[in-house]
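In: Any chance you can model this:
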Amino acid sequence: MQKELILSGFGGQGALFAGTLLAFTGLESGRHVTWIPSYGPEMRGGTAHCTVIVADEEIGSPVVRHPSGAIVMNIPSLERYEPLVRPGGTLIVNSSLVDRAPQRTDIASRMIPGNAIAEELGDKRMANMVLLGAYLAVEPLFTLEEVGRSLERHIPAHRRSLLQPNLEALRRGAEAARQPS
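Out: Next comes the predicted model:
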């Protein structure tokens, strides 16, 4: 098994953090992992992204041209990554900021109101966790409990108060992805 996931959004939306959390979860479950972030002008409001590969065997290359999945948090990310997802792959779209559904019919896609759900939970910065939860409901690479344990181990001390809300955001995202379209 090898899964490649691109997480992409505006700088500050937490795409890199969600990717880091997925990578830590992979490492802690004994899998092979790569995590490649994108820096540069993205840090000043452009689109930031990272690529995560999780595999049972050694990973030959961290370069991914056609990922098996993508989480896109804004319209520029949808336009860039929708065409690249491998047929049969998974695409999770933040419908709070993206006003069109994916056009491809050869992939599993879900429109998830990530920002709206995160705001219901009290902090729009948790949209990344909502969308990660949705991805894991469609593509069960890890259980929400595994990701939650990893989050608990790696959340910075100054963010400990956000642990339970982030766990709830994961759960709500998974729940939203399971709803009929």
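In: Need phi/psi at residue 123.
Out: Main-chain torsions, residue 123, degrees, to the nearest 10: phi -160, psi 110.
In: With residue 110 instead?
Out: Note on residue 110: its backbone torsions stand at phi -140, psi 130 [degrees, to the nearest 10].
In: where along this structure do the helices fall?
Out: Secondary structure of the chain, counting by DSSP state H: helices at 15-28, 75-81, 114-120, 127-138, 144-154, 163-178.
In: I'd like these laid out as TSV, including mean neighbour count, distance to residue 64 and mean pLDDT.
Out: C-beta coordinates here come from the backbone N, C-alpha and C atoms, glycine included. Output for these, formatted as TSV (neighbours: other C-beta atoms under 10 Å; distance: least, C-beta to C-beta, whole Å; pLDDT from 0 to 100):
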stretch	mean neighbour count	distance to residue 64	mean pLDDT
helix 15-28	22	12	95
helix 75-81	19	11	95
helix 114-120	22	23	96
helix 127-138	28	16	97
helix 144-154	17	21	95
helix 163-178	20	22	96
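In: can you tell which of those is closest to residue 57?
Out: Ranking these by distance to residue 57, with C-beta to C-beta as the measure, places helix 15-28 first at 12.8 Å.
In: The closest one - contacts with which helices or strands?
Out: Packed against helix 15-28, as judged by 3 or more C-beta pairs under 8 Å, 6 or more residues apart in numbering; DSSP states H and E, are the following elements: strand 2-10, strand 32-37, strand 47-55, helix 127-138, helix 144-154.
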